[in-house]
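Chemist: Got a predicted model here, sequence first, then my questions.
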Amino acid sequence: MNTENTNIVELCQLEVNFKIKQRFYEEYIKREKKIVRAVDKVSLHIKKSEILSLVGESGSGKTSTGRALLQLTPVTSGSVLFDGHPVEEKNKGYMKEFRKRAQMIFQDPYQSLNPRFTVFDIVTEPLLLTHSRATLAEKEVLALQALEFAGLRPAAEYLYRYPHELSGGQRQRVSIATCFIMSPDFIVADEPVSMLDASVRADILKLFVRMKEEKGTSFLFITHDLALAWLISDRVAIMYLGKIMESGPADIIAGGCLHPYSQALTSVLSIVGEQSRTKRIVLKDETPSPLHMPKGCRFHTRCPVSRENCRIEEPEYREIEPGHFIYCHYPGKIV
C-alpha cells in the first residue's frame, strides 16, 4: 500500500466485528458466539484532494468502513492513520482536532437534521461543540457563507427556517454546509444523493467536485451506483462481504476491471450513444450470510469461473499493476 505523505487517510488491516445477541441458553449454556465480520482486514489509502468511491451491494460493509474511519463505530483491530498519524480515540485533545478536520455527510437528510433546530442552529452546531470563540454575529456570517457555498441562495432566506420547511435537496445542502463551516480536509459522504432526484443529484455531485478543486477536500464517497462512482471519482474500490475485491483508477469501471465480481457489476452498465458489446454477466445464487462466511475466496459461491483452489485458500489482496489492487487467485477477463 502507498505510504507517501500525500495520503490524508490510510487504513491498514481494518476489522469491524459486531456481536449478535442471543438467547440465554445459546450464549451462556451452549456458549455459541455469533459474530458479523462487517469489515474484514481492509487496507485502503485516500490521497489529499482525491475522491475515492467505495462501491458495493447493501450489506457489503461500506458504511461500517466509513464510520470506523471516523471512530463512530468501534474498531475491532487494525489501524487508521490520518495525515500520517494514528487516530487516538482515547486522546480527547487529538480527537477534538480530528473532528474539526474530518466530517461526515449522512445518507438520509430527513433523519440526520434535528427537527427542533433552525438551519442556523444546525449549521453552527459544530462551532458550539468545538468550543469556538466566535461571536453570534461572526457565526451568522460563517453560516451564510457555508449556505451560499452549498448552493442555498440567497442564504439569508434559509437561515431561520426549520427542516420541515425544506425539500430533500435543500436538506442535504444544509448537511453539506454543516460540514463546510469547519473547513474540513476530509469528508465521508455516505450515499449522499441516493434519496434525491436526478437534477438535484447532479448539483450535489458538482458541489463535491468544486470542494475538491477549490478547497482541496478529500472524499470517501460511499455508493451502490457504479455510474456515479465513475462520474466523479479519481479511484474506485469495490467491496463485497467486508472485503475489497478490487481497487484502482476510475477507468476500471470503463472496461479495465479484472475481478469477476467487478466485471459482473460493470457488464450491466449502460453506455450512452453506444450499443453495449459486452455480454451481461448474471450472478447466480444469493449473497452468503455474513454470519457464515464461505471458506476460501468470499466470492467463490457466486463466481462464474471459480476453481477448486478458490474454495479452499483465501486469495491475497495484492497489487497487479501500479495502483491496481485485486483480491483474486485468477484475475482476468471472463470469456
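Modeler: Nice, I can see it. Numbering: from 1, shown residues only.
Chemist: Just to be sure, Asp121 is in a helix?
Modeler: Yes - Asp121: assigned to a helix according to DSSP: H, G, I helix; E, B strand; the rest coil.
Chemist: Tell me the spacing between the spatially closest residue to it that is not a sequence neighbour and Tyr162.
Modeler: Of all residues not flanking Asp121 in the chain, Asn114 sits nearest, at 7.6 Å (CB to CB, 6 or more residues apart in numbering). Quick note: C-beta positions are derived from backbone N, CA and C, even for glycine. In this view, Asn114 and Tyr162 are 9 Å apart by CB to CB, to the nearest Å.
Chemist: now swap in Arg307 and tell me
Modeler: Using CB to CB, Arg307 is found at 59 Å from Tyr162.
Chemist: neighbour count winner among these two?
Modeler: Ranked by neighbour count (other CB atoms under 10 Å), Arg307 and Tyr162 place Tyr162 first, with 15 against 12.
Chemist: right, and that one touches Pro115 too?
Modeler: Yes - counting by CB atoms under 8 Å, Tyr162 touches Pro115, with 6.7 Å between them.
Chemist: ok, back up a step: please name the residues that touch the residue nearest to Asp121.
Modeler: By CB atoms under 8 Å, 6 or more residues apart in numbering, the contact set of Asn114 is 121-122, 163.
Chemist: Go through those and name the one nearest Glu148.
Modeler: Minimum distance to Glu148 across those is 15.7 Å, recorded for Ile122 (CB to CB).
Chemist: quick revisit: what secondary structure does the residue nearest to Asp121 sit in?
Modeler: coil.
Chemist: Can you tell me the centre-most residue of the protein?
Modeler: For the chain, the residue nearest the mean C-alpha position is Ile222 (3.1 Å; CA atoms, centre = their mean).
Chemist: That one should be in a strand, yeah?
Modeler: Yes - assessed by three-state DSSP, Ile222 belongs to a strand.
Chemist: residues touching it, list them.
Modeler: Counted by CB under 8 Å, 6+ apart, Ile222 has contacts 53-54, 62-63, 65-66, 188-191.
Chemist: what's the answer for Thr118, then?
Modeler: Listed by CB under 8 Å, 6+ apart, the contact set of Thr118 reads 159-162.
Chemist: How confident is the prediction for it, by pLDDT?
Modeler: Note for Thr118: predicted pLDDT of 96.
Chemist: gap between it and His164?
Modeler: According to CB to CB, Thr118 and His164 sit 11 Å apart.
Chemist: now Lys206
Modeler: As judged by CB to CB, Lys206 and His164 stand 27 Å apart.
Chemist: same check, this time on Val123
Modeler: To His164, Val123 is 16 Å away according to CB to CB.
Chemist: same question, Val305
Modeler: Going from Val305 to His164 by CB to CB gives 52 Å.
Chemist: Looking at those two, which one has more neighbours?
Modeler: Per other CB under 10 Å, whichever of Val305 and His164 has more neighbours is Val305, with 14 against 9.
Chemist: Help me confirm that that one comes into contact with Ile334.
Modeler: Yes - counting by CB under 8 Å, Val305 touches Ile334, with 6.0 Å between them.
Chemist: so what sits against both of these two?
Modeler: With contacts taken as CB under 8 Å, 6+ apart, Val305 and Ile334 have Pro260 as neighbours in common.
Chemist: ranges for the helices of the chain?
Modeler: With DSSP state H as the criterion, the chain has helices at 24, 62-69, 92-101, 109-112, 119-129, 136-149, 168-180, 198-210, 226-232, 260-266, 308-312.
Chemist: Would you reformat the ones you listed as a markdown table and include distance to Glu286?
Modeler: Output for the helices of the chain, formatted as a markdown table (distance: least, CB to CB, whole Å):
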| stretch | distance to Glu286 |
| --- | --- |
| helix 24 | 31 |
| helix 62-69 | 19 |
| helix 92-101 | 39 |
| helix 109-112 | 29 |
| helix 119-129 | 40 |
| helix 136-149 | 44 |
| helix 168-180 | 32 |
| helix 198-210 | 30 |
| helix 226-232 | 20 |
| helix 260-266 | 14 |
| helix 308-312 | 17 |
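Chemist: would JSON lines of those helices with distance to Pro290 and mean neighbour count be doable?
Modeler: Listed next are the helices of the chain as JSON lines, based on distance: least, CB to CB, whole Å; neighbours: other CB atoms under 10 Å:
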{"stretch": "helix 24", "distance to Pro290": "24", "mean neighbour count": "7"}
{"stretch": "helix 62-69", "distance to Pro290": "11", "mean neighbour count": "24"}
{"stretch": "helix 92-101", "distance to Pro290": "29", "mean neighbour count": "14"}
{"stretch": "helix 109-112", "distance to Pro290": "24", "mean neighbour count": "16"}
{"stretch": "helix 119-129", "distance to Pro290": "34", "mean neighbour count": "19"}
{"stretch": "helix 136-149", "distance to Pro290": "38", "mean neighbour count": "17"}
{"stretch": "helix 168-180", "distance to Pro290": "29", "mean neighbour count": "23"}
{"stretch": "helix 198-210", "distance to Pro290": "30", "mean neighbour count": "15"}
{"stretch": "helix 226-232", "distance to Pro290": "22", "mean neighbour count": "17"}
{"stretch": "helix 260-266", "distance to Pro290": "16", "mean neighbour count": "23"}
{"stretch": "helix 308-312", "distance to Pro290": "19", "mean neighbour count": "14"}
